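>>> Show me the folded form of this:
(one chain, ligands or ions: 1)
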Amino acid sequence: MTVRTRFAPSPTGFIHLGNIRSALYPWAFARSTGGEFILRIEDTDVERSSQAAVDVIIEGMAWLGLDHDEGPFYQMQRMDRYKEVLGQMKAAGLVYPCYMSVGELDALRERQMANKEKPRYDGTWRPEPGKTLPPVPEGVQPVLRFKNPMGGVVAWEDKVKGRIEISNDELDDLVIARPDGTPTYNFCVVVDDIDMRITHVIRGDDHVNNTPRQINIFRALGEEPPVYAHLPTVLNEQGEKMSKRSGAKPVTQFRDEGFLADAVVNYLARLGWSHGDDEIFSREQFLQWFNLDHLGRSAAQFDEAKLRWVNAQHMKAMADGPLAQLVAQQLQKRGIAADDRLPGICALFKDRCDTTVALADWAVKFYTPVQPDPNEVAKHVVEGVRPAVGMLAAMLESCPWNRPAIGEAIKEVLRATGMKMPQLAMPVRVLVMGTAQTPSLDAVLELCGREEVLSRLKAV
Ligand code: GLU
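Here you go, the predicted model:
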């Protein structure tokens, strides 16, 4: 059997990290088992769905490398197919028209609540042998209800939650088509999961309540339901369910803020799944290790500081060439064209940065004039060091332009003036990089380039 999984987002609001984790696991399961991963856009809530939200889903998945084998399929484009299956269910007597008006349903609910019963449809219009149905009211378009089995239980072995068992008597007859004939959510999901031959449904546990209803529809259609794995919620830093309303950022914003796709995949993978104590791993390792048996059972809490730490680890481990390409994109957004110094700049500064944006902030200092921090100038570029800075500038004018020669020139000035390294290095850093906190001075100067170093040293 080929594993077939899907991600089925509703494009209502911009997809955030909590949502996209529900894409990561089915994708990883498909990839690690040689299976197929399908993207399905559940856009039947026409009022709330938007193309912009679809775009963020597709862009976000592409950025994270969550490639799909089939789709995107759009539910709105499959209406004819749902109606076809509805027709088959009608013909097979699996559904029935219900003419109960909204007013009658409200009154029923109120009676049930007053009697402390769980509100549910009471089966008034459900045809049974020997039962007389009420007279059909005129001019009323009925909804179609699914004949849920009576008695017995629906049970499944959830890959995360273990065995879940629901009594059929808890489930009333679900509306599966509205008066205008449009099919409802739970029904479309089942038709899609059947047609797309989904073997494993891995989704958020906000759908656990839908699952017994969906399983009953599967069986009524003569199909065995897939394996289910319901993932615990992702909480935000305040401990609430992560949501756009509570300020969750769209996935693509993390790309724009300089996070690496592999780091985000690593972080999200750990947010609900584990491989021993491994914190930092590559995409390849993740796919080698991933299985449904180590999904966590409790809600995971998002922690941006942790994500930054994971990102910093991935930046350190990343080769300078590819890292420079990402930093070049950040520079381009600021109107700066990078050159072949950028991999060297990345190598020198990546240890002190947790995003490519922070790395670009450093790189900018090599490509545009710096504005030394006046406090640092006042503190380090004091009267007494100016002659030494001048002497260094003179030596740098003619020495070979490489790190050892630049280092030698600095030492020469120290010897001649009797100054200590920080007394010279701090003012030079402030003048050349705008700040006294930089990596090794000779390396910084080499990358900055002779012309630029000389003009910056002479600027004050
Ligand atoms: N469209 C649903 C959602 O975005 C997912 C449905 C499913 O995975 O079955 O929550």
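>>> In the sheet, which residues pair with whichever residue of the stretch 151-300 of the chain sits closest to the ligand? Tell me.
Nearest residue of the stretch 151-300 of the chain to the ligand (Cβ to the nearest ligand atom) works out as R203 at 3.5 Å. C-beta coordinates here come from the backbone N, C-alpha and C atoms, glycine included. Under DSSP bridges, the beta-bridge partners of R203 are H230.
>>> How many neighbouring residues does M419 have?
15 (other Cβ atoms under 10 Å).
>>> Same question for N402.
Here the number of neighbours of N402 (other Cβ under 10 Å) works out to 11.
>>> likewise the one 10 residues further on?
The burial metric for E412, expressed as a neighbour count using other Cβ under 10 Å, is 14.
>>> pLDDT score for it?
What the model reports as pLDDT for E412 is 98.
>>> Would you list the phi and psi of the residue in the stretch 351-460 of the chain that the ligand sits nearest to?
As assessed by Cβ to the nearest ligand atom, the ligand sits closest to T355 within the stretch 351-460 of the chain, at 28.8 Å. Phi and psi for T355, reported as degrees, to the nearest 10, are phi -140, psi 160.
>>> near the ligand, which residues of the chain?
Along the chain, the residues adjacent to the ligand under the rule Cβ under 6 Å from any ligand atom are A8, P9, S10, E42, V189, R203, G204, H207.
>>> One more pass at 5 Å, please.
Within the chain, the positions lying close to the ligand (Cβ under 5 Å from any ligand atom) are A8, P9, S10, E42, V189, R203.
>>> that older thread, from what I see, the residue of the stretch 351-460 of the chain closest to the ligand and R308 are in contact.
Yes - T355 lies in contact with R308 (Cβ atoms under 8 Å); the separation is 7.1 Å.
>>> that older thread, out of the residues of the chain next to the ligand, which two sit at the greatest distance?
Greatest spacing in the residues of the chain next to the ligand, by Cβ to Cβ: P9 and V189 (12.4 Å).
>>> tell me, what's touching those two both at once?
Common contacts of P9 and V189, defined by Cβ atoms under 8 Å, 6 or more residues apart in numbering, comprise E42.
>>> re the thing from before, just the pLDDT for the residue of the stretch 151-300 of the chain closest to the ligand.
Listed pLDDT for R203 reads 98.
>>> does it really touch P232, like I thought?
No - judged on Cβ under 8 Å, R203 makes no contact with P232 at a distance of 11.5 Å.
>>> The two - which one has more neighbours?
Taking neighbours as other Cβ under 10 Å, R203 and P232 compare with R203 leading, 23 against 17.
>>> Tell me who's in contact with the more buried one.
With the criterion set at Cβ under 8 Å, 6+ apart, R203 makes contact with A8, S22, A229, H230, L231.
>>> what's A23 in contact with, if anything?
F7, P9, M61, L66.
>>> Please tell me I have it right and the last one contacts P26.
No - using Cβ under 8 Å, L66 and P26 do not qualify as a contacting pair, with a distance of 9.1 Å.
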